[in-house]
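Chemist: have a look at this fold, sequence not included:
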């Protein structure tokens, strides 16, 4: 399944938005967290600054999100992980409201109560969770709901290679396969489950091979390439939409930042990130677009300017938004 010119340009610009957003967040997140004398041994202050709490960034993993989400409709469901920004952006979650939520502001998706790992947008049918492996059961539930409603909606569960060793992975694949539900399971293999190398935690090289246990298709994409993910993702989404059941996809992707911001990354071999960045998927897609005559210097500059404006406006909106009133603390909460 070849992407159209429109789809290629959408993937390229969306990847640019994701990368710019994450690189800006990497700087904003550190505001107030690094005292001038931190080198003297004082702790990293995770609760300070405009964005308190943990932060997991997805720079380098853009192809997984855009390659699959390019095939989705607004009524399709996406459930992401604790590293969720690229999925949310690719699914169309409004950037201003998402950023305000991350900043804990009242204009956010959840009025500032969910934060970065618990983004929820009912209109665009997107959610995520801070619990490893928690994306799979809700996606199966959404697929079951679509089946019962007689809709051709598709659900997608994104998860990491570490989550493939959780019970939720096997339970979800089993039930989805048994009932032939319209769900696509997409595993991001960035080689690290927090700080544990995949080879030290997983008995097989490719999680896609686990699909055979459930009698469903399984495909591994060996390159961190948006076009290749698009082709494989298109087949899986089409299969789900026509009622032929679930699929499992694993994509070899790259995580440029640490597991979380502030991660010392002592577990990573020296020079690993620099080596990964030499195969950056964004310039690779730009080269593909140029080869097809779809992108020139002027067009690329226009995209970059548009991306920078959109991202800047989102951060400005979040910073200028009010915090929730203290009286709201017990509202919208199940007790």
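Modeler: Looks like it arrived, so ask away. Just so it is clear, the structure is predicted and the values come from calculations on it, not from any experiment.
Chemist: state the distance from residue 175 to residue 146.
Modeler: 14 Å (C-beta to C-beta, to the nearest Å). Where C-beta positions appear, they are placed from N, C-alpha and C, glycine not excepted.
Chemist: contacting residues around the nearest residue to residue 49 once chain neighbours are set aside?
Modeler: In this structure, residue 49 finds its nearest non-sequential neighbour in residue 32, 3.3 Å apart by C-beta to C-beta, 6 or more residues apart in numbering. Going by C-beta atoms under 8 Å, 6 or more residues apart in numbering, residue 32 touches 45, 48-50.
Chemist: what about the helices in the stretch 151-300 of the chain?
Modeler: For the stretch 151-300 of the chain, the helices defined by DSSP state H, counting those that start in this stretch cover 167-178, 226-241, 272-277, 281-291, 297-320.
Chemist: what's the closest of the ones you listed to residue 205?
Modeler: Of all these, helix 167-178 sits nearest to residue 205, with 16.5 Å by C-beta to C-beta.
Chemist: now the angle from that closest one to helix 226-241?
Modeler: Relative orientation of helix 167-178 with respect to helix 226-241: 60 degrees, computed using axes from the mean of the first three to the mean of the last three C-alpha atoms, to 10 degrees.
Chemist: what is helix 167-178 packed up against?
Modeler: When contacts are defined as 3 or more C-beta pairs under 8 Å, 6 or more residues apart in numbering; DSSP states H and E, helix 167-178 packs onto helix 136-149, strand 183-189.
Chemist: do that again at 7 Å, thanks
Modeler: When contacts are defined as 3 or more C-beta pairs under 7 Å, 6 or more residues apart in numbering; DSSP states H and E, helix 167-178 packs onto helix 136-149.
Chemist: pLDDT on stretch 172-184, on average?
Modeler: The average pLDDT for stretch 172-184 rounds to 98.
Chemist: hang on, the earlier thing: buried ones among the contacts of residue 32?
Modeler: Among these, the ones that count as buried by 16 or more other C-beta atoms under 10 Å are residue 49.
Chemist: just to revisit the earlier point, compare residue 175 and residue 146 (neighbour count), which wins?
Modeler: Using other C-beta atoms under 10 Å as the criterion, residue 175 and residue 146 rank with residue 146 on top: 22 against 19.
Chemist: can you pull the contacts of the nearest residue to that one once chain neighbours are set aside?
Modeler: Nearest residue to residue 146, sequence neighbours excluded (C-beta to C-beta, 6+ apart): residue 153, at 3.8 Å. Residue 153 makes contacts with 75-77, 146, 182, as judged by C-beta atoms under 7 Å, 6 or more residues apart in numbering.
Chemist: cool, residue 71 as well?
Modeler: 233-234, 237.
Chemist: where does it land in three-state SS?
Modeler: coil (DSSP: H, G, I helix; E, B strand; the rest coil).
Chemist: got a pLDDT number for it?
Modeler: Residue 71 is given a pLDDT of 98.
Chemist: cool, and residue 135?
Modeler: 98.
Chemist: which residues touch the closest residue to it other than its chain neighbours?
Modeler: Of all residues not flanking residue 135 in the chain, residue 79 sits nearest, at 4.2 Å (C-beta to C-beta, 6+ apart). Applying C-beta under 7 Å, 6+ apart, we find residue 79 in contact with 127-128, 135, 138-139, 157.
Chemist: stretch 26-45: end-to-end distance?
Modeler: 15 Å (C-alpha to C-alpha, to the nearest Å).
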